[in-house]
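Student: this is a predicted model, with the sequence first.
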Amino acid sequence: MPKIYLDYAATTPCDPKVLRAMLPYFKKDFGNPSSIHGFGQKALNAMSEAREALADFLGCDAPEIVFTGSATEADNLAILGTVKAAKIPALPAGRQKPHIITSQIEHPAVLESCRELEKRGAEVTYLPVDKDGLVQVLELKKALKPNTVLVSIMYANNEIGTIQPIQEISEAINEYNIQKTKSVPTGHLPQGDKILFHTDAVQAANFLDCDVKKLGVDLLTLSAHKIYGPKGVGALYAKKGTLINPVIYGGGHERGLRSGTENVAGIVGLGQAVKEIQSPNYKIQNIRIRQFRDKLIKNILKNIEGSRLNGSLTQRLPNNVNVSFEGAEGEAIVIALDQKGVATSTGSACSSGSLEPSHVLMALGLSEETAHGSLRLTLGRTNTLKDIEKVLKVLPVIIQKLRKISGYK
Ligand code: PLP
C-alpha cells in the first residue's frame, strides 16, 4: 500500500540536495572546525558558508547567527539567556523581578523555559488568544510594564497553523521602548530596560518572510528538520548588541553562546535547506500546497457533519489543517488512518502520547471532549492530488465507524 505522509509539522524528509551537501562532512571532510589544520579549516569554511546562507535568508549579518542542537535549545537560549543577562534597573521595592510576556499557545520549548524562570523568581504573563488562536495586540500592550524584559510570541503555531501579527507586536514593543527612552536622561536604554522581542519561526520558515528587520525582532528561532534538513540542528538569530548569557558552558564555541563541537554536517544541511526554501521551484510548490489545504478543509467541513476547523481561516499556514469531529476520538482517527496508509497526528508531535488535551486547543476555548476529537493534517512537498483525494475518501468512513462505536447520535 503506498504510504501518504501528512505530518510535515512533526518533521520533514531531508531534501536530496541537502543530503548531498552534508555527506562529505561525515566522510572525507570530517574535521573539527576548532582545529587549525586543513581538515579543521575545511569544516570551519563549510560552517561559515552555512552561516552566510542563514544570514541571507533572515536579512541579517552572519555573526548574528548561533548554531544550536535543536530549536528547543535555541528557544531556551533566547529566553533563559537574555533574562539572565538583563540588568533590571532600579525599581520600586518588590518590582525588581524580571517580567516576561508570552502566549498560552507557545511550543513547550518556550512555555517550559518560562515556567523554569518563574521557579527562579521571574514573573510571566501568559497572554490568552482569541477563538482563532490570535494574540490580541491591545492585550499585549496592556501587559507591558517597567520590569518587562522579554516578549516571546511564536510566528506560526505548530498545531493550528495560526500566524501571529509579529510586525504589529514589534511596533507596539518599539513604541513602548521609545516612550521609555524619552524618560532616560542619557537617551539610551540599557538592556533590561529595553524590551527584547523573540519569535519562534520554526513552523513559519517554509512559507513566510523571515526577514528579521521587516519583522522587527531581536531574536528568532529556526529548526533544520522542519524545513527538509536534518534532525538535531537549530539556530538562533540574536541581533548584534543583544546581551545574552549561555545556557551551556564549555569550550566557548559559537562566540561562547553554545559550547560543544558543532554538528558540521547538520549545520551544512541547515544552510542548504534555507537556500532551497528560496528557490522559485519551492515557492510554486507552496501555492499547490495551499490549494490542497483548501480542498481538504472545504470538503471535510462539507462532507462530515459535526466537524469544525480549529484556528483561523485566513491567518493560517498554507499547509495546516486542524479539524475536530464530534463523537470521534483523535488518537483512534490517527490509528485508523495509519492502517489505511495515511500518517497524520492529533496535535503536536511532542505532546502526542499524552492524555492531556492540547493546551493550544483548550486556549481557543474548546471543550476537553472537542479537543480530544482533533486531527492535524500538515502538508508538504511530496503530497499529490491523489493523496488528498484518498484522505477525502477514507476519512468520512472512519469517522462514521468510530461514531458508531462511541454511540454518537
Ligand atoms: N518550536 C516549534 C513551533 C515547533 O513546532 C517545534 C517542534 O515541534 C520546536 C520548537 C522544537 O523543535 P526541535 O525539534 O528542533 O527542538
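Tutor: That came through fine.
Student: for the protein, which residues score under the pLDDT cut-off?
Tutor: Low-confidence segments of the chain (pLDDT under 70): 1-2, 88-95, 187-192, 347-355.
Student: buried set for the longest helix seen in the chain?
Tutor: Identified as the longest helix of the chain according to DSSP state H is helix 280-303. Buried residues in helix 280-303, counted by 16 or more other C-beta atoms under 10 Å: 282, 285-286, 289-290, 292-293, 295-297, 299-300. Using the backbone N, CA and C atoms, a C-beta is placed for each residue, glycine as well.
Student: helices or strands up against that helix?
Tutor: Under the contact criterion of 3 or more C-beta pairs under 8 Å, 6 or more residues apart in numbering; DSSP states H and E, helix 280-303 touches strand 307-309, strand 320-325, helix 385-406.
Student: which other helices and strands contact the host helix or strand of residue 273?
Tutor: Per DSSP states H and E, residue 273 falls inside helix 264-277. Contacts defined by 3+ C-beta pairs under 8 Å, 6+ apart place helix 264-277 against helix 16-22, helix 38-58.
Student: how near is residue 373 to residue 397?
Tutor: Taking C-beta to C-beta, to the nearest Å as the measure, residue 373 falls 17 Å from residue 397.
Student: higher neighbour count, those two?
Tutor: Higher neighbour count among residue 373 and residue 397: residue 373, with 30 against 11, using other C-beta atoms under 10 Å.
Student: was I right about the more buried one contacting residue 324?
Tutor: Yes - between residue 373 and residue 324 there is a contact at 4.8 Å, judged by C-beta atoms under 8 Å.
Student: ok so, going back, of the helices and strands packed on helix 280-303, which is nearest residue 82?
Tutor: Within the helices and strands packed on helix 280-303, the stretch nearest residue 82 is strand 320-325; the backing value is 29.3 Å (C-beta to C-beta).
Student: neighbouring contacts of the helix or strand that that closest one is followed by?
Tutor: Using DSSP H and E, the helix or strand that follows strand 320-325 towards the C-terminus is helix 330-339. Helix 330-339 is contacted from outside by 324-325, 343-347, 352, 372-375, 391, 394-395, 398-399, 401-402, using C-beta atoms under 8 Å, 6 or more residues apart in numbering.
Student: between helix 330-339 and strand 320-325, how many degrees?
Tutor: Relative orientation of helix 330-339 versus strand 320-325 (axes from the mean of the first three to the mean of the last three C-alpha atoms, to 10 degrees): 120 degrees.
Student: centre of the chain versus helix 330-339, how much separation?
Tutor: Chain-centre distance of helix 330-339: 25 Å, with C-alpha atoms, centre = their mean, to the nearest Å.
Student: understood, closing this out.
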